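Participant: How does the following fold in three dimensions:
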Amino acid sequence: MLPPFGKTIAIDFDGTIVEHAYPKIGKTMLFAFETIKELEKKGHRLILWTYREGPLLKEAVDFCNDNGVEFYAVNENYPGETDECQSPRKLEADIFIDDRNIGGFLGWETVWQTLHPEGGEFHHQLRNSIAHFNYQSKRKSWYKFFS
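Facilitator: The predicted structure follows:
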């Protein structure tokens with residue numbers, strides 16, 4: 001029996017979890033895995049939804065697993081769906097997180113704030129981390145200016 005869950009969320013890989021470098025795996029997007037793990041803790045059912053297939057798909061799934069994320073399903077509505085029938089034409093997800101949305105990918109902080117506006121401890125950690133990152137980035141740019 002499955003535990004209760006919130007929304008079914010389909011998450012793209014290239015340009016969303018990692019920067020675009022296809023067919024290679026790009027650099028991890030800021031706060032991607034931290035946010036994905038928190039969404040899972042909140043009870044959302046997460047599906048990896050990507051153009052990748054074959055060895056490139058396995059590489060992406062392994063990369064996510066190595067970073068502590070195991071998706072409920074990969075490119076299908078539920079585990080084993082594509083074994084039972086042809087690949088689904090469309091996922092039955094409530095939410096799609098993808099860089100190809102209108103307006104592009106807005107960042108993992110915005111994803112979290114949109115889905116969980118009440119915040120919570122993770123929200124405060126995320127905002128503090130972003131503030132620190134922005135401070136460090138600006139500080140480094142000033143060093144370059146005076147060097």
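Participant: Thr114 - that's part of a strand, no?
Facilitator: No - read with DSSP: H, G, I helix; E, B strand; the rest coil, Thr114 is helix and lies in no strand.
Participant: Do you have the strands of this protein handy? List them.
Facilitator: 8-11, 45-48, 73-74, 95-97 (DSSP state E).
Participant: Show me the contact partners of the first one.
Facilitator: Contacts made with strand 8-11 from outside it, assessed by Cβ atoms under 8 Å, 6 or more residues apart in numbering, are listed as 17, 36, 39, 44-49, 71, 91-98. Where C-beta positions appear, they are placed from N, C-alpha and C, glycine not excepted.
Participant: Not counting sequence-adjacent ones, nearest residue to the residue nearest to the spatial centre of the chain?
Facilitator: In the chain, the C-alpha nearest the mean C-alpha coordinate belongs to Ile17, at 4.5 Å (Cα atoms, centre = their mean). In this structure, Ile17 finds its nearest non-sequential neighbour in Ala32, 4.8 Å apart by Cβ to Cβ, 6 or more residues apart in numbering.
Participant: Narrow the contacts of strand 8-11 to those that are buried.
Facilitator: When the contacts of strand 8-11 are checked for burial by 16 or more other Cβ atoms under 10 Å, the buried set is 17, 36, 39, 44-49, 71, 91, 93, 95-98.
Participant: so what's the residue lying closest to Tyr72 once chain neighbours are set aside up against?
Facilitator: Of all residues not flanking Tyr72 in the chain, Arg45 sits nearest, at 4.8 Å (Cβ to Cβ, 6+ apart). Arg45 is in contact with 5-9, 72, counting by Cβ under 8 Å, 6+ apart.
Participant: about what we covered before: quick one: the residue nearest to the centre of the chain and Phe63, what's the gap?
Facilitator: Applying Cβ to Cβ, to the nearest Å, the value for Ile17 to Phe63 is 8 Å.
Participant: isn't the residue nearest to the centre of the chain right up against Thr35?
Facilitator: No - the pair Ile17 / Thr35 is not scored as a contact, 9.8 Å apart, by Cβ atoms under 8 Å.
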